[in-house]
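Participant: Here is my input, please return the structure:
(chains A and B)
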Amino acid sequence: MTAATEATLTPAQTAGLIRRLTALADDEIVLAHRGGEWTGHAPILEEDIALANMAQDELGHAGLYLGLRAELDGSDADRLAFFRDADGYTCARFVELPRGDWALTMLRHFLYDTFEALWLEAATRSTYAPLAAVAAKAVREEKFHVQHTALWVERLALGTPESLRRLQAALAELWPHVGQLFQPVDGEAELTQAGLLPDLGAVQARWQDLVARHLHGKCGLTLPALPAEQAPRTVHTSHLAPLLAEMQAVARQHPDAEVW
Amino acid sequence: MAASPTPGAVWQALNAVPDPEIPVVSITDMGMVRDVTVDGGGRVQVTFTPTFSGCPALHVIRDSIEQAVKELGVAEVEVKSTLTPPWTTDWINEDARERLRQYGIAPPAPAGEGQLIQLEAEPTRCPRCSSFDVRMTASFGPTLCKRMYVCDSCKEPFEGFKSV
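Facilitator: Predicted structure coming up:
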């Protein structure tokens, strides 16, 4: 298969690619905000710093995805992040849920980071060369998130009855939503067929295996059943609008500022 | 009239641009500068590769490159960034690794093309006493590129460069 460029994409492929890149960026922006909410509140200083580091990486990745989108439609990353309302955002509900306790925070990151690492690893083989380059860059950074959050999940699972109870409760809350990460956007099947985007089914199979080995095999947690149906990415929880209101407040008060 | 330096002179100027977060090494030591071209009209193009994509110092690096080249008397400088091939700590030169170690930062282990999902961190040596008897105390440090350790042999805390 020859490498695709902006010029060789069909209009339908361009539109599908824009939807997938935006979904990825939106997940990263919203999860980074949830991570940032721990600044000053994490159980220890080192974890404050760790979450700030991870949020920084995620915003960096969102910047890369929106940079790819800009090459396709000339859009502006800052406008997209700070001037779209909840009904314009396409993040998964999984990342919108309130930050919860420490167990929920670490577990959500672990589930998300393993998804992102595996998706990126598959995307390094994309026939769309700009995406393959971004994936090769980002995947090197993502491994640190996975290492960190996998260790925390293990520590909480094998810690005290209370930490285990909280972790199992977090799993029950998060698990029904996680499938949305693997749901294709409109037109994605065609892009996967053309080798432009990873096969989400294959990514999910690898994710399921890795996550089950860690959470069940190593940590002794009971995995709930995955629900068959998932809402589309345009249907949000009531938690997104207040999050965006806070995140976008400064940019909207000073729309002419160059840097927020 | 604007000067038209040789590519070698531009490289030499860039050798003096420090990494904004680790001032004992330069951006060329870190392997961040990928290409320098000077065209017939004396226009200089510098291509650099970002270390970490979320690094907040990227704009500082970009500005410092432009500044360093302009100081050669060049009128037009274009600073481009590239992600291909992705930056790796394997590009940090030997001399810079030694300076990192003397500064108290353990240099990165070889990154290679290992397995993607490694739940274990790579082994690290204390930059002061060279002992492997070290503990990671935080997997994220004051900057994206570092982790925090304590050496159980000499009892000193230190920072370690992540292997990317």
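
Participant: OK, contacts around the residue positioned nearest the centre of chain B?
Facilitator: The centre of chain B sits closest to residue B:30, judged by C-alpha atoms, centre = their mean, with a distance of 3.1 Å. Neighbouring residues of residue B:30 by C-beta atoms under 8 Å, 6 or more residues apart in numbering or on different chains: B:19, B:51, B:91-92, B:96. Placement of C-beta: from N, CA and C, glycine included.

Participant: repeat for residue A:52
Facilitator: By C-beta under 8 Å, 6+ apart, the contact set of residue A:52 is A:35-36, A:39, B:140.

Participant: Can you pick out the most distant pair from those residues?
Facilitator: Spanning the widest gap among the contacts of residue A:52 are A:36 and B:140, at 13.9 Å by C-beta to C-beta.

Participant: Which element, helix or strand, includes the closest residue to residue A:20 other than its chain neighbours?
Facilitator: Closest residue to residue A:20 apart from its sequence neighbours, by C-beta to C-beta, 6 or more residues apart in numbering or on different chains: residue A:185 at 5.3 Å. Taking DSSP states H and E as the definition, residue A:185 sits outside all helices and strands.

Participant: Against chain B, how distant is residue A:185?
Facilitator: 23 Å (C-beta to the nearest C-beta, to the nearest Å).

Participant: go on, residue A:49?
Facilitator: 6 Å.

Participant: I'd like to know how many residues surround that residue.
Facilitator: Neighbours of residue A:49 under the rule other C-beta atoms under 10 Å in any protein chain shown: 19.

Participant: Toward the C-terminus, what is the element adjacent to the helix or strand in which it is found?
Facilitator: For residue A:49, the element it lies in under DSSP H and E is helix A:45-73. Toward the C-terminal end, the helix or strand that comes next after helix A:45-73 (DSSP H and E) is helix A:77-82.

Participant: near chain B, anything from that next one?
Facilitator: No - for helix A:77-82, no contact with chain B is found by C-beta under 8 Å from any C-beta of the partner chain; the gap never falls below 13.0 Å.

Participant: Let me see the mean pLDDT of that helix.
Facilitator: Helix A:77-82 comes out with an average pLDDT of 95.

Participant: Touching it from outside, list them.
Facilitator: Under C-beta under 8 Å, 6+ apart, the answer for helix A:77-82 is A:22, A:25, A:29, A:62-63, A:66-67, A:69-70, A:247-248, A:251-252, A:260.

Participant: try it again with 10 Å
Facilitator: Helix A:77-82 is contacted from outside by A:22, A:25-26, A:29, A:59, A:62-67, A:69-70, A:76, A:88-89, A:244, A:247-252, A:255, A:257-260, using C-beta atoms under 10 Å, 6 or more residues apart in numbering or on different chains.

Participant: Burial check on the residue of the stretch 1-150 of chain A found nearest chain B, number of neighbours?
Facilitator: Relative to chain B, the nearest point of the stretch 1-150 of chain A is residue A:60 (2.6 Å; C-beta to the nearest C-beta). By the criterion of other C-beta under 10 Å, residue A:60 has 22 neighbours.

Participant: Check the one 4 residues further on too.
Facilitator: Other residues lying near residue A:64 total 26 when counted by other C-beta under 10 Å.

Participant: Hmm, residue A:123 and it touching each other?
Facilitator: No - if you go by C-beta atoms under 10 Å, residue A:64 and residue A:123 don't touch, sitting 11.2 Å apart.

Participant: between the two, what contacts are shared?
Facilitator: Joint contacts of residue A:64 and residue A:123 (C-beta under 10 Å, 6+ apart) are A:24, A:131, A:133-135, A:138.
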